[in-house]
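Visitor: mind looking at a prediction? Sequence and model below.
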Protein chains: 2
Amino acid sequence: MSYQTLLGNVDFLESLRGKQANFLLSCAVTKTCEIEGLSQAGIPGNLHLTPTLDAEFVTTGEVRSLPEIASTPSGIPTPALITRAVHELHPFSSIELLDLGMSVKANINYFTTHALEIPSCGNIAQEGSVMDALEVFQKGVEFGQSYTTQAQYTLLAETIPAGTTTANATAQALGYDCKEYFSSSFKNVPRTLRDEVIQKALNKAQTSEDLFTKLSLVSDNMIVFNAGFILGLQSQDHKLILAGGTQMASVLLVVNSVLKTMGGEINSDNLALCTTKWIAQDEHSNIKALLELLDFKVNAYCATFDFSSSQSEVLKLYDKGEAKEGVGAGGALVYGLINGLSTNTIVQKIESYLG
Amino acid sequence: MSYQTLLGNVDFLESLRGKQANFLLSCAVTKTCEIEGLSQAGIPGNLHLTPTLDAEFVTTGEVRSLPEIASTPSGIPTPALITRAVHELHPFSSIELLDLGMSVKANINYFTTHALEIPSCGNIAQEGSVMDALEVFQKGVEFGQSYTTQAQYTLLAETIPAGTTTANATAQALGYDCKEYFSSSFKNVPRTLRDEVIQKALNKAQTSEDLFTKLSLVSDNMIVFNAGFILGLQSQDHKLILAGGTQMASVLLVVNSVLKTMGGEINSDNLALCTTKWIAQDEHSNIKALLELLDFKVNAYCATFDFSSSQSEVLKLYDKGEAKEGVGAGGALVYGLINGLSTNTIVQKIESYLG
């Protein structure tokens, strides 16, 4: 089998075999990424450019806002390569960008970019996120209500450096007991630093009882907007796959808290999460436990894809636990695999980008 | 070439290269299957479950209503494996079930099941089919008239144990001289038993001159409904491939008789039949001769696919004449082959299910 079921059963995904998906890439920046050593999702000193470069590479196969593709200091290339490979081998019906506060716009034409007029978030350990979470959430709801696509379902992905830190802070600020469940782009998670950052954020969040005030202090635009998007989309009969790991789980935890606070309900039949095997099998995080904190059921799957057949040492770092997920890699892999692509074909395409 | 033309020319099929098909699986039960030794399409004593298990396996890759996949007493696995393999390698746009009197509903979610509220048929050698053939036919016509799909054409398949016996009885009851033209799931057809069953059915049918009364006594829901479906679909410009062997030929013979009785005409340009090589080359039946009994022309093809490259002894039984066709295997193979799949790729995928 080309994927594994983490929660629920295969039916949701099997019913999508052969159908085309729209790929939405949420591009956001939190200045939390400027904390040295916290994230390796990009080029040190230029992490705020990662969403821009990822968006350029996934859509066009080229990076334009820097001379070369974002890779970690240890040379691990961005998971955007995985998503791009699938798109070249079995294309999405289209790729659309959600500009959720990019610091530099992607230098591309012809692709739909939803300019949502949301500024980048601040550093959660210093000034705080400085976001108007209620407004961002409402923009998400409106986007979901008016969302149209010719595709039969949608993959929702993200690129936001330091996003696992804000995702972790968000869930803890909302009262979930999940400190150890969150992933990191590092194999060796910088626990002390990360815990310090999150603790500073949580101290801020404690100053208020209000859900959206807490989110305004410690969360990020990707999480809050997409929580709104999911709820707005309830007005339509359209299947949505959250293509991501623990950050997407945090989006669902926000949905859960909003529903509890507002007394609402969700029909989650049209909702699933797809991630990578590297997240599903990660010893330092627990995606399944995060999803089990929800008061509603959600189908979850991981692609049984790895780089064991590759000769590339940098790609094999994924198998050792570096990078793991991002730019919708897990969802893209599942999309390719349920549409007849083989692991080897995808590996070879990714290798071709490394030159 | 990946297929062979039995009637007509290649143009119909060639015009469908690269297009996506919807796969409709007609699931029906005739209690005729309870006659011991008549059919080997399933697990003895549980043949009425075969459509349920086939539907579960083709849609999800899992069997749920029994602990293991239906295979004949000699261990030949259901042709559902062939159809599933093609769907994994080059998916249909979707799979939809036609519930034409299943005894147990398929345990699946998310897939469209058309609940047509038609009871299972009786044993044609005892109580008779006990069906309201006119009503079933009219339901088929209505279904065809209102049928919608996003796909560019449709494959219509069947799973009904003992279906070749009812198909044979149907055609003979309508006066076609075709006793020796019908296939069987056995290599060594239980001729005496089958002939006895059919003779009992024909004796019943002789009691009436009326077409639909005859069908009500000796036919099955799959045949009668789909004859209506084909005629209902005449109101639309949509290509339909009958994915099956002599049972699908019997559907066309019913169409032919209805047209003769009612003085109608059919434009069969949008119609073809696709079957397996095992049916096309079968020495004990004659699909081509059956189709030549029609007053209209129909394109017919067979997939040039066999298990000669396989190491599996049970799969090789197909090449020796067991099982032969069903669950749309022939049509699915043609679909895969005109979309770039190789015989070897399909064989390997099927072998992967045998563990």
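Guide: Received the coordinates, thanks.
Visitor: and the stretch 251-355 of chain A, which of its residues are near chain B?
Guide: A:338-340 (CB under 8 Å from any CB of the partner chain). Heads up, the C-betas are built off the backbone N, CA and C, glycines and all.
Visitor: now with 6 Å?
Guide: Applying CB under 6 Å from any CB of the partner chain, we find that the stretch 251-355 of chain A lies next to chain B at residue A:340.
Visitor: and the residue of the stretch 251-355 of chain A nearest chain B?
Guide: Relative to chain B, the nearest point of the stretch 251-355 of chain A is residue A:340 (4.9 Å; CB to the nearest CB).
Visitor: secondary structure element for that residue?
Guide: Residue A:340 is part of no helix or strand when elements are defined by DSSP states H and E.
Visitor: ramachandran coordinates for the closest residue to residue A:292 other than its chain neighbours?
Guide: Excluding the flanking residues, the one nearest residue A:292 by CB to CB, 6 or more residues apart in numbering or on different chains is residue A:7, at 7.6 Å. Backbone torsions for residue A:7, taken as degrees, to the nearest 10, come to phi -150, psi 140.
Visitor: right, and the residue of the stretch 251-355 of chain A closest to chain B touches residue B:90 too?
Guide: Yes: with contacts counted by CB atoms under 6 Å, residue A:340 reaches residue B:90, the gap being 5.2 Å.
Visitor: ok, now how distant is residue A:105 from residue A:47?
Guide: 17 Å (CB to CB, to the nearest Å).
Visitor: of the two, which one has the most company?
Guide: residue A:47 (26 against 14; other CB atoms under 10 Å in any protein chain shown).
Visitor: that one contacts residue A:159, correct?
Guide: No: taking contacts as CB under 6 Å, residue A:47 lies outside contact range of residue A:159: 11.0 Å.
Visitor: quick check: residues of the stretch 1-150 of chain A near chain B?
Guide: Close to chain B, as judged by CB under 6 Å from any CB, the stretch 1-150 of chain A has residues A:10-12, A:14-15, A:17-18.
Visitor: and the residues you listed as CSV, adding pLDDT and distance to residue A:175?
Guide: Output for the residues of the stretch 1-150 of chain A next to chain B, formatted as CSV (pLDDT from 0 to 100; distance: CB to CB, whole Å):
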residue, pLDDT, distance to residue A:175
A:10, 97, 33
A:11, 98, 33
A:12, 98, 29
A:14, 98, 36
A:15, 98, 35
A:17, 97, 39
A:18, 96, 42
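Visitor: and of those residues, the nearest to chain B?
Guide: Closest to chain B, out of all of these and judged by CB to the nearest CB, is residue A:18, at 2.8 Å.
Visitor: from what I can see that closest one touches residue B:92, true?
Guide: Yes: here residue A:18 reaches residue B:92: they are 5.3 Å apart, a contact under CB under 6 Å.
Visitor: now residue A:22: which helix or strand?
Guide: Judged by DSSP H and E, residue A:22 forms part of strand A:21-28.
Visitor: that older thread, JSON lines please, covering the residues of the stretch 1-150 of chain A next to chain B and showing distance to residue B:28.
Guide: JSON lines is the format used below for the residues of the stretch 1-150 of chain A next to chain B (distance: CB to CB, whole Å):
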{"residue": "A:10", "distance to residue B:28": "25"}
{"residue": "A:11", "distance to residue B:28": "23"}
{"residue": "A:12", "distance to residue B:28": "27"}
{"residue": "A:14", "distance to residue B:28": "23"}
{"residue": "A:15", "distance to residue B:28": "23"}
{"residue": "A:17", "distance to residue B:28": "24"}
{"residue": "A:18", "distance to residue B:28": "25"}
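Visitor: among the residues you listed, which are located in helices?
Guide: A:11-12, A:14 (DSSP state H).
Visitor: so for residue A:73, what pLDDT did the model give?
Guide: Each residue has a pLDDT score; the one for residue A:73 is 65.
Visitor: contacts only, for residue A:111.
Guide: Applying CB atoms under 6 Å, 6 or more residues apart in numbering or on different chains to residue A:111 gives the contacts residue A:59.
Visitor: nope, residue A:92 is what I was after
Guide: Taking CB under 6 Å, 6+ apart, one finds A:21, A:23 in contact with residue A:92.
Visitor: what's the answer for the one 3 residues further on, then?
Guide: Remark: with contacts taken as CB under 6 Å, 6+ apart, residue A:95 is in contact with A:23, A:59.
Visitor: pretty sure it is in a strand, no?
Guide: Yes: under DSSP: H, G, I helix; E, B strand; the rest coil, residue A:95 sits within a strand.
Visitor: tell me the bridge partners for it.
Guide: residue A:23 (DSSP bridges).
Visitor: what helix or strand is the residue of chain A most remote from its centre located in?
Guide: For chain A, the largest distance from the centre (CA atoms, centre = their mean) belongs to residue A:207, which lies 28.2 Å off. Per DSSP H and E: residue A:207 is located in neither a helix nor a strand.
Visitor: torsion angles phi and psi at the closest residue in space to residue A:55 that isn't next to it in sequence?
Guide: Excluding the flanking residues, the one nearest residue A:55 by CB to CB, 6+ apart is residue A:106, at 4.0 Å. Dihedral pair for residue A:106: phi -70, psi 140, per degrees, to the nearest 10.
Visitor: give me the number of residues near residue A:106?
Guide: Neighbours around residue A:106, by other CB under 10 Å: 25.
Visitor: so how far is chain B from it?
Guide: 31 Å (CB to the nearest CB, to the nearest Å).
Visitor: now residue A:149
Guide: Noted for residue A:149: a distance of 13 Å to chain B, by CB to the nearest CB.
Visitor: okay, the residue nearest to that residue when sequence neighbours are not counted: pLDDT?
Guide: What sits nearest to residue A:149 in space, not counting adjacent residues and going by CB to CB, 6+ apart, is residue A:22, at 4.3 Å. Note for residue A:22: predicted pLDDT of 98.
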